[in-house]
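In: Pasting a predicted model and its sequence here:
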Amino acid sequence: MDKKSTIARNFSKVTIGFLLIGILPMFLIVCGVDFPVILFGKIINNNGGITSGNFPLVSYRLNSYVGIVAPLLSFIAFLTLYRALDLKHKFETNFKLYATFFQYALFVFVIYYLFYFCHLELTEANGLIRGLTNGILGLSLFYTIIVFPAMYFSLLIFFIFLNSIIKNNLS
C-alpha cells in the first residue's frame, strides 16, 4: 500500500471520526442531558443563532453546543492532520492561490456571521425547513445533518487552505 492512499484513508477516518464525535452528544442534548459547553451558550444566543419557537430549550442547547464545539473540533481535526495535508491542485501563481483563499475565507466568514450574529427563527421559515423542524426529531436532524457539518467542514477546509498557503510560501 502506498503512502498517499494511507494518508487519504487516515484523513477520511480522522475527519469523519471527529464529525461523529461532535454529532453523537447532540442526541443526548435532545434527550435533556446538559453538557458544560452549553453554559457558554449565552455568548452565542444573545447575539443570534438558529432557534425554534416550537422547542426553544432544545434549540437553545443545540445552538450553543454547535456554536462552540464545531469550530473547536474542526481545529483539533486540523491539528491532528496538518502534517499530511497538501493541495493536489497546484496554482500557477501566488495571486491565484491568494484570490481563491480570500474567496473561501469570505464564504466561511459569511457562514459564521450568519450563525453567530443573525437570528433565524425556524418556525417562520418556508418549505422543507419549516416542515422538518416541526418535531423534535426533525429539529435534531436539522442540526446534525445541516448545521453542524456545515460549520465543521467549512472551518476545517479553511484551516487546510491556510496551511497550504503557509507551506507554499515556505517552500
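Out: Sure thing, it's come through.
In: how deep is residue 157 tucked in, by neighbour count?
Out: By the criterion of other CB atoms under 10 Å, residue 157 has 15 neighbours. The way it works is simple: take the backbone N, C-alpha and C, and place the C-beta from them, glycine included.
In: from what I can see it touches residue 105, true?
Out: No: using CB atoms under 8 Å, residue 157 is not in contact with residue 105, being 10.5 Å away.
In: count of neighbours near residue 141?
Out: 15.
In: again, but for the one 5 residues further on
Out: A count of nearby residues for residue 146, using other CB under 10 Å, gives 13.
In: Confidence-wise, which helix or strand of this protein is lowest on average?
Out: Taking mean pLDDT, DSSP states H and E as the measure, the chain has helix 41-45 as its least confident helix or strand, at a mean of 60.
In: And the contacts of whichever helix or strand comes after that one?
Out: Sequence-wise, the next helix or strand downstream of helix 41-45 (DSSP states H and E) is strand 49-51. Residues from elsewhere that reach strand 49-51 (CB atoms under 8 Å, 6 or more residues apart in numbering): 45, 59-60, 63, 67, 115-116, 119-122, 143, 147.
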